[in-house]
Every structure is written in C-alpha cells, then in structure tokens.
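Engineer: What follows is a predicted protein model with its sequence.
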Amino acid sequence: GCAETSPLVVFENIEKCRPNCLRLLLENISGLTVDEDFTVEVIPEINVAVATFKKSIDTEEFVKKCLQHKRVREFKMTCRVLELTRTIKAENLPDSLSPDYITVYFESARNGGGPVSDVQLFPEQNSAIITFCDHKGNT
C-alpha cells in the first residue's frame, strides 16, 4: 500500500473543450500556471487529456473542484485522479527486440525510465508489458 497520491488527473469527454481552453480552465480552477506548475497532454484519439502536476497539490481536492465547476459541467467532462501504476504496455515494437534490450531501454534515465523488474514480450502482437520496481520509473 502506497499512501502517495498520484500527481496525474485524467479528463474524459474533452471534445467540446479545445486544448488551449482546457489549459486555461485548469489554470483558473487550480490557481496554478500551465507549463510551470503542471502540463497537459491531450490524447485526441481517445478524447482524453492528462494533467500532470509538477507542484505538489491535493489532486483529490482538485478533482472535486473540477467536478463542481460550472464550465466543466457545461462541457460534460469528467475527471478523476489517475492511479499510479508500475506496469506499462509498449506497442508497435520491432520484431527483433529482446527482453534485455527492452529492459535496458526502459531503465535509461534519458528516456525517463527507472529500474525494471520484469518484461513480458508478446512477439505476435509486437508488444511488451514492462513492470518497474516502483511507479516513478514509468513517466
């Protein structure tokens, strides 16, 4: 059991709110500055955005504020704290990759990685499941 709260908040159903509008809205709700205090990554294929807070804030409280906010409700967006995970799935991998190569790649600090505890390779799907020793290695 890790008592640490995730610094990630996922916003769903964002199609009615353009990315720049969303960034401004999150600044208004949080009182923080985009890029300086948090970043927003928009994933248009699945109609989602993820806010990553660099500054330590109570993300549970932030989510409550967002869900009560008039504009968030008008846009019919939902949001929740994104749970911390130690496991990621890598897709579209070249055929010839070995588990050792994947381990070394994801342990590279330059790639934002950390100590890897396990790699499961799925060659037929050109994917792998990478498990880190802790959740900080998979950002």
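Structural biologist: Nice, I can see it. Residues are numbered from 1 along each chain as shown.
Engineer: to the chain's geometric centre, what's the distance from the longest helix that the chain contains?
Structural biologist: Longest helix of the chain, by residue count under DSSP state H: helix 19-30. Between the centre of helix 19-30 and the centre of its chain there are 17 Å (CA atoms, centre = their mean, to the nearest Å).
Engineer: Next SSE downstream of it?
Structural biologist: strand 38-43 (DSSP states H and E).
Engineer: In CSV, list the C-alpha atoms belonging to that next one.
Structural biologist: These are the backbone C-alpha positions of strand 38-43, laid out as CSV (Å, rounded to 0.1, in the frame of the first residue of the first chain):
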residue,chain,number,x,y,z
PHE,A,38,1.6,21.4,-14.5
THR,A,39,1.4,20.1,-18.0
VAL,A,40,-1.5,18.9,-20.1
GLU,A,41,-1.2,16.1,-22.6
VAL,A,42,-4.1,15.8,-25.0
ILE,A,43,-4.8,12.3,-26.5
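Engineer: Identify all contacting residues around it.
Structural biologist: 14, 19, 22-23, 26, 30, 32, 34, 48-55 (CB atoms under 8 Å, 6 or more residues apart in numbering). Using the backbone N, CA and C atoms, a C-beta is placed for each residue, glycine as well.
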